[in-house]
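Participant: whatever this is, show me its structure:
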Amino acid sequence: MEILQQVIQQFRLNVLSINSVPESYSSTVYKLILNNQQQVFVKIPYSKTKLMREYEFLQILQDKLNTPRVLDFWEGNDVIPGALLLEAIDGEICTKIIDKALAYEIGVNHAKLHSIPATFFEKSETIERYQPEEWRAFIQHKFEYFSEYAKAILSKGLFDKSIHYFEKHFYSLPAPDGPCLIHMDFRPGNILVKDNNVKGIIDFESARLGSTENDFTKINRDIWCKHLNTKEPYIKGYNSIRPMINLQKILPFYTFYDAFCSVGWSEIRGAEKHQEFIKENLEILKKVL
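Facilitator: Modelled structure (predicted):
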């Protein structure tokens, strides 16, 4: 809370109430109600890299997607990476039952995100850009990086099976598309809805330009697998904006990849604090392997 108070002073806010946002797992986010009854969000990213990446994305995407407007920005100091002051969008995170109509809307909005021209990001020095021929090297590098940490959690048998699965299936993937804007954490917790309509997309701290093939895993995990009859309308909505890639060929691999890397991420951020997340991803790994 001491860090938040420093941020509030930097932004010169007169605050009436403060509430933490539990759906934020990487950065620290607070919902504030100001003395004038205005609702805003303060986001304190995990690192300065994430701060600058999200700041640039939100600036570029303004009026192109339904994303939060940046009201203020602080570059931070030697202790605090910095912070963003964000406008509150009139919607709530998508935690309710998702029906066919909402699944269609989510598909439409995901496709709109993927359709943002890569030329809009050419002048950015912060946003990572991967051409199709570079994308798989990025994926392999991430897998090798998280392997060092996943090894501390996985049994030797499960770890060895994971390495074998990656080597067997990685090189047989179809050619990647792109470069497209990809969110990298497109899930219900980052989709704001109201009256069964998508009102906004949040959390661009991990976004970049790459292949869309890596952007459907969490939709599969958190929507298609948990809410019946949502995959077909989602794809129909997506196809109304741009053609869907061959999910049948890429989704099994990326389901494995996301679960494996999530285990490694949990070890980096503190395994004791992320036991439920580890358990969820271990179940996915065991099912795939």
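
Participant: which residues of the protein fall in strands?
Facilitator: Assigned by DSSP state E, the chain shows strands spanning 15-20, 28-34, 39-44, 70-74, 83-87, 92-93, 180-182, 191-194, 197-201, 208-210.

Participant: out of those, the one nearest Glu122 is which?
Facilitator: Ranking the strands of the chain by their distance to Glu122 (criterion: CB to CB) puts strand 208-210 first, at 9.9 Å. To be clear about C-beta, it is placed using only N, CA and C from the backbone, and glycine gets the same treatment.

Participant: tell me what that closest one is packed against?
Facilitator: strand 180-182 (3 or more CB pairs under 8 Å, 6 or more residues apart in numbering; DSSP states H and E).

Participant: what sits against Ile235?
Facilitator: Listed by CB atoms under 8 Å, 6 or more residues apart in numbering, the contact partners of Ile235 are 107, 244, 247.

Participant: compare these and tell me which has the most neighbours.
Facilitator: The most crowded member of the contacts of Ile235, judged by other CB atoms under 10 Å, is Gly107 (26 neighbours).

Participant: leaving out sequence neighbours, find the closest residue to it.
Facilitator: Distance criterion CB to CB, 6 or more residues apart in numbering; nearest residue to Gly107, sequence neighbours excluded, is Gly237 at 3.0 Å.

Participant: cool, Asn19 as well?
Facilitator: That would be Lys31: by CB to CB, 6+ apart, it lies 4.6 Å from Asn19.

Participant: touching, the one you found and Phe41? I think so.
Facilitator: Yes - look at Lys31 against Phe41 with CB atoms under 8 Å: they come within range, at 5.6 Å.

Participant: what does the domain assignment say about the chain?
Facilitator: Annotated domains of the chain cover 2-88, 93-288 [automatic domain parsing].

Participant: format the ones you listed as a markdown table; extra columns: mean pLDDT.
Facilitator: As requested, the domains of the chain are exported to a markdown table (pLDDT from 0 to 100):
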| stretch | mean pLDDT |
| --- | --- |
| domain 2-88 | 94 |
| domain 93-288 | 96 |
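
Participant: can you list the strands of the chain in JSON lines and add distance to Pro252 and mean neighbour count?
Facilitator: What follows is these, written out as JSON lines (distance: least, CB to CB, whole Å; neighbours: other CB atoms under 10 Å):
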{"stretch": "strand 15-20", "distance to Pro252": "36", "mean neighbour count": "12"}
{"stretch": "strand 28-34", "distance to Pro252": "33", "mean neighbour count": "17"}
{"stretch": "strand 39-44", "distance to Pro252": "34", "mean neighbour count": "21"}
{"stretch": "strand 70-74", "distance to Pro252": "38", "mean neighbour count": "17"}
{"stretch": "strand 83-87", "distance to Pro252": "36", "mean neighbour count": "22"}
{"stretch": "strand 92-93", "distance to Pro252": "28", "mean neighbour count": "15"}
{"stretch": "strand 180-182", "distance to Pro252": "19", "mean neighbour count": "24"}
{"stretch": "strand 191-194", "distance to Pro252": "24", "mean neighbour count": "20"}
{"stretch": "strand 197-201", "distance to Pro252": "26", "mean neighbour count": "19"}
{"stretch": "strand 208-210", "distance to Pro252": "19", "mean neighbour count": "22"}
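
Participant: now those strands in CSV, with distance to Arg221?
Facilitator: Output for the strands of the chain, formatted as CSV (distance: least, CB to CB, whole Å):
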stretch, distance to Arg221
strand 15-20, 24
strand 28-34, 22
strand 39-44, 24
strand 70-74, 30
strand 83-87, 26
strand 92-93, 16
strand 180-182, 16
strand 191-194, 14
strand 197-201, 18
strand 208-210, 19
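
Participant: out of those, which gets nearest to His164?
Facilitator: strand 208-210 (25.4 Å).

Participant: how far does that closest one sit from the chain's center?
Facilitator: Taking CA atoms, centre = their mean, to the nearest Å, one finds strand 208-210 lying 12 Å from the centre of the chain it belongs to.

Participant: still on that earlier bit, spell out which residues are contacts of both of Lys31 and Phe41.
Facilitator: By CB under 8 Å, 6+ apart, the residues touching both Lys31 and Phe41 are 21, 88.

Participant: how many neighbours does Asp222 have?
Facilitator: By other CB under 10 Å, neighbour count at Asp222 equals 17.

Participant: for the residue nearest to Asn19, give me its contacts.
Facilitator: Counted by CB under 8 Å, 6+ apart, Lys31 has contacts 18-21, 39-41, 88.
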